[in-house]
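Student: After the sequence you'll find the predicted model.
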Protein chains: 2
Amino acid sequence: MTATPVVSLSNIKVACQNCSLASLCLPMGLAPADVDKLEAIVKRSRPLRRGDHLFESEHKFRSLFAVKTGSVKTYTLGPDGNEQVLGFHLPGELLGLDAIQSDVHRCSARVLETSSVCELPFERLEELASHIPTLQHQLFRLLSKEIGQDTDMVALLSRSPAEERLASFLLSLSERYQRRGFSAKEFILSMSRQEIGSYLGLALETVSRLFTRFQEDGILRVDRKHITILDLERLRKVIAHQTNCDQQAQGPN
Amino acid sequence: MTATPVVSLSNIKVACQNCSLASLCLPMGLAPADVDKLEAIVKRSRPLRRGDHLFESEHKFRSLFAVKTGSVKTYTLGPDGNEQVLGFHLPGELLGLDAIQSDVHRCSARVLETSSVCELPFERLEELASHIPTLQHQLFRLLSKEIGQDTDMVALLSRSPAEERLASFLLSLSERYQRRGFSAKEFILSMSRQEIGSYLGLALETVSRLFTRFQEDGILRVDRKHITILDLERLRKVIAHQTNCDQQAQGPN
DNA sequence: CGTAGCTTTGAAGATTTTCAACCTTAGTGG
DNA sequence: CCACTAAGGTTGAAAATCTTCAAAGCTACG
């Protein structure tokens, strides 16, 4: 009898949390045996350094990538050669979902700080999913979630003035860090003002001025890339501020 | 009286053939037997009229919807009660993909003109997909495509001035109509200036002024909702216009 | 130290929005 | 048939927001 490795619950948990398959495993839970199969197709990569590419636009799509630690930005080059930042990806988040359709990456992904990632060969993932309905379901959910987030971003960009955009961005970072067990109120930005501006559709100077204003207002403490949220309530209020009606109802997801 | 109908009967036939499952079946082709199974779970609905809802925000998610004829807009209400248009959906396009994750609709879908749609109960679709790998693959592609489109929208909104946004919007409509066999150069807008503005992050007045300017420039002919693209080349050029470095001898400024 | 790369800040300029008025079209009922 | 109304569209002028240009400050790093 072969000595099958014992899979304890805590092991799985650890595996899921460390490898950022968390995004796949946690939401509804696969059977332990299925988690093993999933783990089996994951390629763990060496740590990447700032400036390294996970993939580049126009290159053949093979794998999804999950950020384990660090952070990654996705971007395209506009017709004028300017970089357009499309997103920032923190631990536990997936990249490359937009490439499934075209079989070719539609954007580039560059590491912002020393980071580690998992690589998930998509063909094998698909093959696995066709045998594990729960995994299939999780993948659908994952893709759908990405659509929802993009939709939120579209709404933000088409409706909100600069102040609200930056506030939303900071709250989004805060929530995402918190969900991964980091501090919700204090973090280091791994991206420049320029990159934040590009992402939010603002000039870098506008971003800088807003950081200053938020600090003056006592909402934030800003020390270059070191952000401390001093007044979460008020930061939230900046977003809901709009016409400042009377209602306060805002449902959390 | 217009001499030439913009939408001919044969065009409609083409669009209807395959129901709008075209978006599912055509891209890579399911086996005929599988197409039958797919057809079997589709609910065909009666025609809907302007103002009818396909689904509403916060309601339970059960089905995806495919537009067969007509057009549908998706929108949310901002915290101030203002409507934020998220998208316009033409024949052959799917709605509801963002709800898979939350099991609840995250936006509302309202019919802009007399339209017909198919309803695809998602649970049954998923069940089917788990037995038909090709269908699973098509669904992944479909979701991925949506992500890619949303990403394009994000890039448009965060990078482009008003002129380019409207030009992109018109080109997008043109391409989508053409793909379904309608005229690429002449179509009727089923949405108001207000709705276009909301979608593009512009005031309705700005949209109106741009239509006027495009017409003055000879790029479009605009008669209320009836749009004729007179100079497709120049419309494309509006988008690529950016801050070009060395080329660009001519500019509309 | 000194340079390079961000970041901050100020002032001028451009784009876009807002406010307001007027116009056009389609639908309604006298 | 016509006037009336409501909704959507156009247009102008003032105001707000944001960007651009320019310069100077700060940090990190060799």
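Tutor: Yep, that arrived.
Student: The strand or helix carrying A:Leu142 close to DNA strand C?
Tutor: Per DSSP states H and E: A:Leu142 is located in helix A:133-159. No - under the criterion of Cβ under 7 Å from any atom of the strand, DNA strand C is not reached by helix A:133-159; the shortest gap measures 8.7 Å. For every residue, glycine as well, the C-beta is placed using N, CA and C.
Student: How far off centre is that helix?
Tutor: 12 Å (Cα atoms, centre = their mean, to the nearest Å).
Student: So which bits of that helix are buried?
Tutor: A:133, A:135-159 (16 or more other Cβ atoms under 10 Å in any protein chain shown).
Student: counting contacts, what elements does the helix or strand following that helix pack onto?
Tutor: Downstream of helix A:133-159, the first helix or strand assigned by DSSP H and E is helix A:162-179. Applying 3 or more Cβ pairs under 8 Å, 6 or more residues apart in numbering or on different chains; DSSP states H and E, we find helix A:162-179 packed against helix A:133-159, strand A:186-188, helix A:193-200, helix A:204-216, strand A:226-229, helix A:232-240.
Student: Just give me how far helix A:162-179 sits from the chain centre.
Tutor: With Cα atoms, centre = their mean, you get 12 Å for helix A:162-179.
Student: all helices in the stretch 1-150 of chain A, in order from the N-terminus.
Tutor: A:9-18, A:22-25, A:32-41, A:99-102, A:122-129, A:133-159 (DSSP state H, counting those that start in this stretch).
Student: weakest of the ones you listed in terms of mean pLDDT?
Tutor: If the helices of the stretch 1-150 of chain A are sorted by mean pLDDT, helix A:9-18 sits at the bottom with a mean of 45.
Student: Up against chain B, what does the stretch 101-250 of chain A have?
Tutor: Remark: the part of the stretch 101-250 of chain A in contact with chain B comprises A:101-102, A:106-107, A:126-127, A:129-130, A:133, A:136-137, A:139-148, A:150-151, A:153-155, A:157-159, A:198-201, A:239-240, A:242-243, A:245, A:247, A:250, using Cβ under 8 Å from any Cβ of the partner chain.
Student: returning to that earlier point: which of the helices and strands packed on helix A:162-179 sits closest to B:Ile227?
Tutor: For B:Ile227, the closest of the helices and strands packed on helix A:162-179 is helix A:133-159, at 21.1 Å, according to Cβ to Cβ.
Student: any residue of the closest one up close to DNA strand D?
Tutor: No - judged by Cβ under 7 Å from any atom of the strand, helix A:133-159 stays clear of DNA strand D, getting no closer than 10.8 Å.
Student: Taking helix A:193-200 as reference, get the angle to that helix.
Tutor: Counting by axes from the mean of the first three to the mean of the last three Cα atoms, to 10 degrees, helix A:133-159 lies at 100 degrees to helix A:193-200.
Student: can you state the direction angle for helix A:133-159 and helix B:162-179?
Tutor: 140 degrees.
Student: follow-up on the earlier one: of all the helices and strands packed on helix A:162-179, which one is nearest A:Gly51?
Tutor: Checking the helices and strands packed on helix A:162-179 against A:Gly51 by Cβ to Cβ gives helix A:193-200 as the closest, at 13.1 Å.
Student: Now do that closest one: distance to the chain's middle.
Tutor: 16 Å.
Student: Next one: the residue nearest to A:Val238 when sequence neighbours are not counted from A:Met191, what distance?
Tutor: Spatial nearest neighbour of A:Val238, chain neighbours left out: A:Ala167 (4.0 Å); criterion: Cβ to Cβ, 6 or more residues apart in numbering or on different chains. To A:Met191, A:Ala167 is 17 Å away according to Cβ to Cβ, to the nearest Å.
Student: what about those two, which has more around it?
Tutor: With neighbours defined as other Cβ atoms under 10 Å in any protein chain shown, A:Ala167 and A:Met191 compare such that A:Ala167 has more, 23 against 18.
Student: show me the contacts for the more buried one.
Tutor: The contact partners of A:Ala167, by Cβ atoms under 8 Å, 6 or more residues apart in numbering or on different chains, come to A:Phe214, A:Leu235, A:Arg236, A:Val238, A:Ile239.
Student: List buried residues within the residues you listed.
Tutor: A:Phe214, A:Leu235, A:Val238, A:Ile239.
Student: Now do the last one against DNA strand D, distance only.
Tutor: The one in question is A:Ile239. Distance of A:Ile239 to DNA strand D, computed by Cβ to the nearest atom of the strand, to the nearest Å: 13 Å.
Student: who's in contact with that residue?
Tutor: Contacts of A:Ile239 by Cβ under 8 Å, 6+ apart are A:Ser160, A:Glu164, A:Ala167, A:Ser168, A:Leu171, B:Pro79.
Student: swap the cut-off to 7 Å and go again
Tutor: A:Glu164, A:Ala167, A:Ser168 (Cβ atoms under 7 Å, 6 or more residues apart in numbering or on different chains).
Student: who's in contact with A:Asp34?
Tutor: A:Ile132, A:Thr134, A:Leu135.
Student: ok, so of those, who is nearest A:Ser71?
Tutor: A:Leu135 (26.6 Å).
Student: Just want the most central residue of chain A.
Tutor: Centroid check for chain A by Cα atoms, centre = their mean gives A:His89 as the closest residue, at 3.3 Å.
Student: Show me the beta-bridge partners of the residue nearest to that residue when sequence neighbours are not counted.
Tutor: Excluding its sequence neighbours, the residue lying closest to A:His89 (Cβ to Cβ, 6+ apart) is A:Val72, at 4.5 Å. Note on A:Val72: beta-bridge partners A:His89, A:Val111, judged by DSSP bridges.
Student: okay, now A:Val72: neighbour count?
Tutor: Neighbour tally, A:Val72, other Cβ under 10 Å: 25.
Student: Report pLDDT for A:Ala203.
Tutor: A:Ala203 carries a pLDDT value of 97.
Student: so what's it up against?
Tutor: A:Gly197.
Student: What ranges in chain A fall below the confidence cut-off?
Tutor: For chain A, applying pLDDT under 70 flags the ranges A:1-28, A:241-253.
Student: domain ranges for chain A?
Tutor: A:12-154, A:161-240 (automatic domain parsing).
Student: Single out the most deeply packed of those domains.
Tutor: Burial of the domains of chain A is given as mean neighbour count (mean count of other Cβ atoms under 10 Å in any protein chain shown); domain A:12-154 ranks first at a mean of 19.
Student: Phi first, then psi, for A:Ile132.
Tutor: phi -130, psi 90 (degrees, to the nearest 10).
Student: Not counting sequence-adjacent ones, nearest residue to it?
Tutor: Spatial nearest neighbour of A:Ile132, excluding adjacent residues (Cβ to Cβ, 6+ apart): A:Asp34 at 5.1 Å.
Student: Give me the distance between that neighbour and B:Gln101.
Tutor: According to Cβ to Cβ, A:Asp34 and B:Gln101 sit 20 Å apart.
Student: A:Ala33 too?
Tutor: 25 Å.
Student: just A:Lys43 next, same as before
Tutor: Per Cβ to Cβ, A:Lys43 is found 26 Å from B:Gln101.
Student: give me every residue that touches the residue nearest to A:His137 when sequence neighbours are not counted.
Tutor: Nearest residue to A:His137 in three dimensions, chain neighbours excluded: B:Glu126, at 6.4 Å (Cβ to Cβ, 6+ apart). Applying Cβ under 7 Å, 6+ apart to B:Glu126 gives the contacts A:Gln136, A:His137, A:Phe140.
Student: let's go with 10 Å and repeat that
Tutor: B:Glu126 makes contact with A:Pro133, A:Gln136, A:His137, A:Phe140, B:Ile100, B:Leu135, B:Gln136, B:Leu139, according to Cβ atoms under 10 Å, 6 or more residues apart in numbering or on different chains.
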